[in-house]
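Participant: turn this into a model:
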Amino acid sequence: MEGRIIMDKLLNILKDICPDVDFENTTDLVDGGHLDSLDVITLVVELNESFNIEINVEDILPENFNSAEAIGALVDSLSD
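Facilitator: Below you'll find the predicted structure:
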């Protein structure tokens with residue numbers, strides 16, 4: 001899937017989960033407390049369903065979820 005399409009879809013998912021966060025400019029989503037553990041689990045379920053991927057427990061690390069770019073890179077790497 002093309003990068004911009006992934007990012008647009010990802011941003012829509014993120015905004016549905018946490019509408020008050022500026023996902024395009026925030027780089028500490030987990031470390032800064034913008035996404036809590038329930039948000040991350042909800043996000044993982046949504047990403048798995050929306051992109052037909054499987055995010056494993058070992059992939060659920062703060063560095064993979066601290067920014068929209070990091071999440072997009074994770075999705076892209078699992079889409080192959």
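Participant: show me the shaky parts of the chain.
Facilitator: When residues are selected by pLDDT under 70, those of the chain lie in 1.
Participant: give me the most central residue, it.
Facilitator: The structure's the chain has its C-alpha centroid closest to I71; by CA atoms, centre = their mean the separation is 4.0 Å.
Participant: mind checking what secondary structure that one has?
Facilitator: In terms of secondary structure, I71 is helix; the call rests on DSSP: H, G, I helix; E, B strand; the rest coil.
Participant: what residues are up against G3?
Facilitator: Under the criterion of CB atoms under 8 Å, 6 or more residues apart in numbering, the contact list for G3 reads 72, 76. Every C-beta, even on glycine, is put in place using the N, C-alpha and C of the backbone.
Participant: any idea how far it is from L38?
Facilitator: Applying CB to CB, to the nearest Å, one obtains 28 Å for the distance of G3 from L38.
Participant: what about the helices in the chain?
Facilitator: Taking DSSP state H to define them, one finds helices in the chain at 3-17, 37-51, 62-65, 68-78.
Participant: find the nearest non-adjacent residue to T42, please.
Facilitator: Take T42 and drop its neighbours on the chain: the residue closest to it by CB to CB, 6 or more residues apart in numbering is I17, 5.6 Å away.
Participant: separation between that neighbour and D80?
Facilitator: I17 is 25 Å from D80, where distance means CB to CB.
Participant: these two: who's more crowded?
Facilitator: In this view I17 and D80 are compared by other CB atoms under 10 Å, and I17 has more residues nearby, 15 against 5.
Participant: residues in contact with that one?
Facilitator: By CB under 8 Å, 6+ apart, the contact list for I17 reads 35, 39, 42-43, 46.
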